[in-house]
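A.B. asks: Below are the sequence and a predicted model for it; my questions follow.
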Number of protein chains: 2
Amino acid sequence: MSDRIANAQLRGKVMSAEEAAQFVNNGDNVGVSGFTGAGYPKALPTAIAERAKEAHARGDEYMINLFTGASTAPDCDGVLAEADAVRLRTPYQSDPIMRNKINDGTSYYVDYHLSESGLYVEEGFFGQMNVAIVEAVRITEEGHIIPSSSVGNNVEYLDNAEKIIIEVNSWQSEELEGMADIYRINRLPNRQPIPITDPSQRIGTTYIDIDLDKVVAVVETDAPDRNAPFKPLDDQSRQIAGHFLDFLEGEVAAGRLTYDGYIMQSGVGNVPNAVMAGLLDSKFENIRAYTEVIQDGMVDLIDAGKMTVASATSFSLSPEYAHRMNEEASRYAKQIILRPQQISNHPEVVRRLGLICTNGLIEADIYGNVNSTNVVGSRMMNGVGGSADFTRNGYISSFITPSIAKGDAISAIVPFVSHVDHTEQDVKVIITEYGYADLRGLAPRQRAQKIIDIAHPDYRPLLQDYYDRALAFAKEKKTMQTPHLLGEALSFHQRFQETGTMKKA
Amino acid sequence: MSDRIANAQLRGKVMSAEEAAQFVNNGDNVGVSGFTGAGYPKALPTAIAERAKEAHARGDEYMINLFTGASTAPDCDGVLAEADAVRLRTPYQSDPIMRNKINDGTSYYVDYHLSESGLYVEEGFFGQMNVAIVEAVRITEEGHIIPSSSVGNNVEYLDNAEKIIIEVNSWQSEELEGMADIYRINRLPNRQPIPITDPSQRIGTTYIDIDLDKVVAVVETDAPDRNAPFKPLDDQSRQIAGHFLDFLEGEVAAGRLTYDGYIMQSGVGNVPNAVMAGLLDSKFENIRAYTEVIQDGMVDLIDAGKMTVASATSFSLSPEYAHRMNEEASRYAKQIILRPQQISNHPEVVRRLGLICTNGLIEADIYGNVNSTNVVGSRMMNGVGGSADFTRNGYISSFITPSIAKGDAISAIVPFVSHVDHTEQDVKVIITEYGYADLRGLAPRQRAQKIIDIAHPDYRPLLQDYYDRALAFAKEKKTMQTPHLLGEALSFHQRFQETGTMKKA
């Protein structure tokens, strides 16, 4: 048995994943660790999926409700979805099979803000949490859990589940110990201020204390996190990143930002990574991140001495960077803090710190509303994630996106978004490879032209035509606040549904 | 000269409103006091409107950008709008003339969350604030301002404007002194936690300290706040209120609320007042309000010993109740606190306290998205106000609405809202006279039937027909997360535009 399980009581609970899976029953609310492919349980999901398949073969029902930090990986979301073992999924997912099961109606998906999903479990909005399955680097002599490469909603699930299953993964470096900063917000009515005034502050413990008597199984694993590699930087990403950096420079010039005052929040992806690459060569120093996930680009900024601290709830690293993190975890632990996602994304702290927020989108409309979740209004992509936790409360909230997708079949700028996740009040800057639209202090009609001007040139005339005719109609009807032609508002999406492209024939 | 102006330097600045208006120039950013018809300047707006009219008669340009706390009254928003003197209006308005000027395109309107609008001024998103015009009960010997019946964004405007004009209104009771609790959040990068853990806590001063050298004029007035009377309670409001109280009782039964633990946030209106009337006869005690405005119903709850404290930023009282408040201000000041709106609506405090939030709406869709601002997607009603500050961060966020409007021409439940101010992630409960839909923990398809079931019976078959056909289409297309028929999603609104009713002929 691994010497990573130092607690005597829990050593007595070691068993196989198959044995442990017997504690997970049809209909259970199951809260697992895992956030953007890091720190999810590696063995139990497959074992539960096998149970589901056997039950289904017998003609029995077997589906669980699956709660996570955020997305996981093929050996967690993927295997469970494939076995039709998930009735309800929350709060975020990005596995292709899971997504298909949501879109074909097999699984319900509840899309909640990542800072709130653990809270809602605590508050009983989903009923009793039955089982928590959490990956650990090790279990201490006292029975404390040292979380692995993500913290996510671990605390909320461990605190609220009737049964606990721990996976001790020897692939995860023991030197990750020290990165986690576990802090519990008191329950109502005794909540107190969260005492974070700088991303570098540690306010909790490096371990999670649990009720040992709830532990029904400990399972040993030795399996890597499965993260996708980032694509190499391309010209388009560099262009978008360049416009973002120009925007930052403009804020410095306007006296609203200093070169050592940038606190970053960044969504995951290739364009954000390009932004970080651009920052390497910029005048910005002492960059701090208060964000959800540590990405490759942040590791580079730390290594270059440009980033002094990165606070997040998880890693989202390419395999190469994940390997490096595992090898040199004790060095990085001086500058990286992993917090519960309720804290990493908390509106209170986000607003206090004055973050400059940068997230991706599916589409924005000409007035600045943003859709991050539902393609053509209906098909779920991933979920809102933490983007709204940050966007609503950030100091400056920006969205970065290529102007087209699926070749040129989809325009990222449309007349009227088919789903809204970020309202026009919250979206302050939109950036494409054609420039940035600074929407601050502007009314909808003042924003529209700025947004159309950064659309793809192939779509600009279509958008301009819509806007001009909407304006004329609105002038006549006295509906000038947000001019629209309702019969055509969703025409881009209808055309895409009918012809496979938003372009006109 | 009134003995309400105790400071010698400022006594030297007393002049007429007409003289003071000379300090307000074409193109100025002008921040005035006033929130829901309380505490707005009574004389300067008319004097500025006169300047505008004279300028326009000469063929000169004269328009200001008008910043307030929230809505004001005919003698502020109304006179300025009527004179075409407002180029840009923010953050909230409800005056009929102002609204018409926005909708006919004369004035731009920037709709921002009320907790953020003052912040954005501080942060320079609108450029330099030129003039602050603030109503006071009195000016102390030191030159401190005692705010009158609202606090709103007074602090931000006074701090950031180049010039200050004070209106000392002798109609306002001097006994209002003591109600205000003025607290400044440090500017970035030095923001600290806001130390409020209960609505009853006072954390600041009863006055606003200002830079006396910026004061260019002091104007004496004697004019009442102009609030609209509430309508008498009707059966429909009582029914909706009854369902809300049933919901609260259900929370108590579920162990998520205690009879002495209810902390109220409430939008303004007749239905909220009916809720408060219902609470008079309920088992709830020690009710506390952490909200934007003090309404008649809260005064009744205080008088009945049911409400222990009401924290807000302003009054929104009927004339009868405003008179009572003026007469007995010193008694009520023990239980009423008026804070800057940045504090009364702050996400940090809203989330910490665990508010149960109740706001109105224009329309909700079958998946729980809510439109609070733009009628048929385009025509501005009032603005989002503070509803999103509270809804996003509240413990339980509910919306209350009659199921139909304009006779029966408009259904409050539609297939697809024509504008989104509250996203599906945030809307937890919707209540009409037909019952409540508890949406917590549910996926969109699970919500839809619950929402359709509380629509008006005349509209239920139309909604059910849409939903059933959208489901069938989505099943085929594998878009089951949020089933929609894009070609018909806005059909209720199109029908209303074309025929004057959302009903089918």
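C.D. replies: Yep, it's here.
A.B. asks: contacts and neighbour counts: CA atoms only from here.
C.D. replies: Fine.
A.B. asks: List the contacts of A:Ile210.
C.D. replies: Contacts were defined as Cα atoms under 8 Å, 6 or more residues apart in numbering or on different chains; by that measure A:Ile210 touches A:Gly143, A:His144, A:Ile145, A:Leu158, A:Asp159.
A.B. asks: Tell me the helix or strand right after the strand or helix carrying the last one.
C.D. replies: Taking DSSP states H and E as the definition, A:Asp159 sits inside helix A:154-160. Downstream of helix A:154-160, the next assigned helix or strand under DSSP H and E is strand A:161-169.
A.B. asks: Quick check, pLDDT for A:Pro483.
C.D. replies: Model confidence at A:Pro483, given as pLDDT, is 98.
A.B. asks: isn't it right next to A:Tyr467, touching?
C.D. replies: Yes: in terms of Cα atoms under 8 Å, A:Pro483 counts as a neighbour of A:Tyr467; the distance is 7.5 Å.
A.B. asks: So which bits of the stretch 51-200 of chain A are right by chain B?
C.D. replies: Counting by Cα under 8 Å from any Cα of the partner chain, the stretch 51-200 of chain A comes close to chain B at A:100, A:102-105, A:108-113, A:123-126, A:188-195, A:197.
A.B. asks: Which of the residues you listed fall in strands?
C.D. replies: A:Tyr108, A:Tyr109 (DSSP state E).
A.B. asks: Alpha carbons of the helix holding A:Asp159, in CSV - could you do that?
C.D. replies: The C-alpha coordinates for helix A:154-160 follow below in CSV (Å, rounded to 0.1, in the frame of the first residue of the first chain):
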residue,chain,number,x,y,z
ASN,A,154,-14.0,19.6,-3.3
VAL,A,155,-14.7,21.3,0.1
GLU,A,156,-18.4,21.7,-0.6
TYR,A,157,-18.8,18.1,-1.8
LEU,A,158,-16.7,16.6,1.0
ASP,A,159,-18.6,18.7,3.6
ASN,A,160,-22.1,17.9,2.3
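A.B. asks: neighbours of A:Glu18, just the number please.
C.D. replies: Neighbour count for A:Glu18, taken as other Cα atoms under 10 Å in any protein chain shown: 17.
A.B. asks: May I ask which helix or strand encompasses it?
C.D. replies: With secondary structure defined by DSSP H and E, A:Glu18 is part of helix A:17-21.
A.B. asks: So for A:Pro483 and A:Tyr467, which sits in the more crowded spot?
C.D. replies: Neighbour totals were compared for A:Pro483 and A:Tyr467, and A:Pro483 leads with 27 against 21 (other Cα under 10 Å).
A.B. asks: contacting residues for the closest residue in space to A:Lys283 that isn't next to it in sequence?
C.D. replies: Take A:Lys283 and drop its neighbours on the chain: the residue closest to it by Cα to Cα, 6 or more residues apart in numbering or on different chains is A:Tyr259, 6.4 Å away. Under the criterion of Cα under 8 Å, 6+ apart, the contact list for A:Tyr259 reads A:Val252, A:Lys283, A:Phe284, A:Glu285.
A.B. asks: Check the secondary structure at the second one for me.
C.D. replies: I take that to be A:Lys283. coil (DSSP: H, G, I helix; E, B strand; the rest coil).
A.B. asks: Now it: phi and psi?
C.D. replies: Backbone torsions for A:Lys283, taken as degrees, to the nearest 10, come to phi -80, psi 0.
A.B. asks: same question, A:Arg238
C.D. replies: When quoted as degrees, to the nearest 10, the phi and psi of A:Arg238 stand at phi -60, psi -40.
A.B. asks: same question, A:Arg138
C.D. replies: Main-chain torsions, A:Arg138, degrees, to the nearest 10: phi -160, psi 170.
A.B. asks: Could you give the number of residues near it?
C.D. replies: The burial count assigned to A:Arg138 is 29, neighbours taken as other Cα under 10 Å.
A.B. asks: show me what contacts the closest residue in space to it that isn't next to it in sequence?
C.D. replies: Once flanking residues are discounted, A:Arg138 sits nearest to A:Arg4: 4.7 Å by Cα to Cα, 6+ apart. With contact set as Cα under 8 Å, 6+ apart, A:Arg4 has these partners: A:Val137, A:Arg138, A:Ile139, A:Thr140, A:Val168, A:Ser170.
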